[in-house]
Structure formats: C-alpha cells, structure tokens
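Undergrad: Here is a sequence together with a model predicted from it:
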Amino acid sequence: MRAIKIEPVIAILFLIPAAYMLGTFPSAVLIARSRGIDITTSGSGNPGASNVGRLLGRKLGILVFVLDGLKGAVSVGIGFWIAGYAGALALACAAVVGHVFPVTRKFKGGKGVATAGGGMIALYPLLGVAMTLLWLITAKITKKASLGSLAIAIGLPVSQIIIGRPVGEVLTGVGLCAFVVWRHVPNLKRLFAGSENSLKKK
C-alpha cells in the first residue's frame, strides 16, 4: 500500500491548533499555585516569569521563563522540521497567541515574551543569545523587566534585518514586536507614571 504524502503546508495548518494549545500550558499559574498563590490576582496579576520572580523568588521566575520558552522552542523545532523557517515561524506565532490568549483561561494569559524568546533562540541561536543578553543588561540597569522585554521585542526585527533574513521573516518579527509592545501598553503607562514594578532580588 502506497504511503500518503502530506504536503508541508497542510501539515503546518493542522499543527497550528496543537501549537496554540501547547502555548496555553499555564506554567506560572501551576508553579505559583503549588506555593499557595493565585498569580493572576497577586502582584501585577500577570501570569508570567517576572511576576513569579517578584513574588516567589528568582529561581522560580527562571523556571517559569524556561518552561514558557520551551513552548516556543518545541513549536519552532517541529515547524522547522516539517517546513523550514516558514513552518517554524507559523507554529511559534501560534504558541505565542496560545500563551497570551489561552482558551482554557478565558483568554487571559501572559505577555508572550518568554514563549516568543524561546522560539527565537531555537530558530536563530546566536541572535537569541544576543537578545537574552540585551534583556539581562536592560533589566539590570533599569531594574524593570518590562523595559528588557520591550528592548528585545524591538531588537528582534532590527537584528533580523542586520543578519539579512528574508522579508517574510522580518515582517513576522515586526508582527511579534508589535504584539509584545501592545501587550506592554499598561506597563508603559506605569513607566510614565513612575509606578512600574521593579525587579526583586531574592
């Protein structure tokens, strides 16, 4: 019996919902709950690594960042294996959307930075390392995780242009940048008001 060949584009279309559902995995919510905290009503209320780090310490914040990053990295790995860069970016975007708008939690999720970052580290290892360093330096100098996130969001498409990636990839990077910046509008308002939360050392 002849094996049925599935076209890469069709395979990616079928996998987009799976990547979205992977993105909905509530790393921050589960880890905070294991410590008796509802992360969605504590601190900034954002179910992400920064809020967990402020409330429960740096180690758990890093754990959440890694788990959220893996959602993007796994999606990129599968997408790249099936359809190269286009497939990788499609599934990465689906995972980010799942993290930000999880159907399992009434579409109230995180801000997508760690999931997008994990995907970009997997897709562009050197660029990903550079963006991680940019986040660390910015956050350390300013003591604001949000500024680190905004720096790498803007840095992604700029870096893609510098290393000569195709227009389609750059446009996807611009889209991710706009998405992350939009999710950080409340942080920007608090920054201008001088009330933005600072990183907590622990």
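TA: Arrived safely, thanks for sending.
Undergrad: From now on I want contacts and neighbour counts done on CA atoms only, so please keep to that.
TA: Fine.
Undergrad: any idea which residue sits dead centre in the chain?
TA: By CA atoms, centre = their mean, the chain has its centre lying nearest to Thr115, at 2.6 Å.
Undergrad: what separates that residue from Phe65, distance-wise?
TA: Distance, Thr115 to Phe65, using CA to CA, to the nearest Å: 8 Å.
Undergrad: coming back round to it: wait, what's in contact with the residue nearest to the centre of the chain?
TA: Neighbouring residues of Thr115 by CA atoms under 8 Å, 6 or more residues apart in numbering: Gly23, Asp68, Gly69, Leu70, Lys71, Gly72, Ala73, Ala92, Ala95, Val96, His99.
Undergrad: Next, it: phi, psi?
TA: phi -70, psi -40 (degrees, to the nearest 10).
Undergrad: okay, the contacts of Thr115 in a markdown table with neighbour count next?
TA: Listed next are those as a markdown table, based on neighbours: other CA atoms under 10 Å:
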| residue | neighbour count |
| --- | --- |
| Gly23 | 31 |
| Asp68 | 32 |
| Gly69 | 24 |
| Leu70 | 22 |
| Lys71 | 29 |
| Gly72 | 35 |
| Ala73 | 26 |
| Ala92 | 33 |
| Ala95 | 34 |
| Val96 | 33 |
| His99 | 34 |
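Undergrad: Just these: which are in helices?
TA: Among the contacts of Thr115, the members falling in helices (DSSP state H) are Gly23, Asp68, Gly69, Leu70, Lys71, Gly72, Ala73, Ala92, Ala95, Val96, His99.
Undergrad: so how far is Leu63 from the third one?
TA: Yep, that's Gly69 we're talking about. 10 Å.
Undergrad: And for Gly43?
TA: Gly43 is 18 Å from Leu63, where distance means CA to CA.
Undergrad: Could you pull out the helices in the chain for me?
TA: For the chain, helices defined by DSSP H occupy the ranges 8-23, 27-34, 49-56, 58-100, 113-123, 125-142, 145-162, 167-183, 185-193.
Undergrad: give me the number of residues near Lys140?
TA: Lys140 has 14 neighbouring residues, counting by other CA atoms under 10 Å.
Undergrad: how near is it to Ala116?
TA: Separation of Lys140 from Ala116 (CA to CA): 21 Å.
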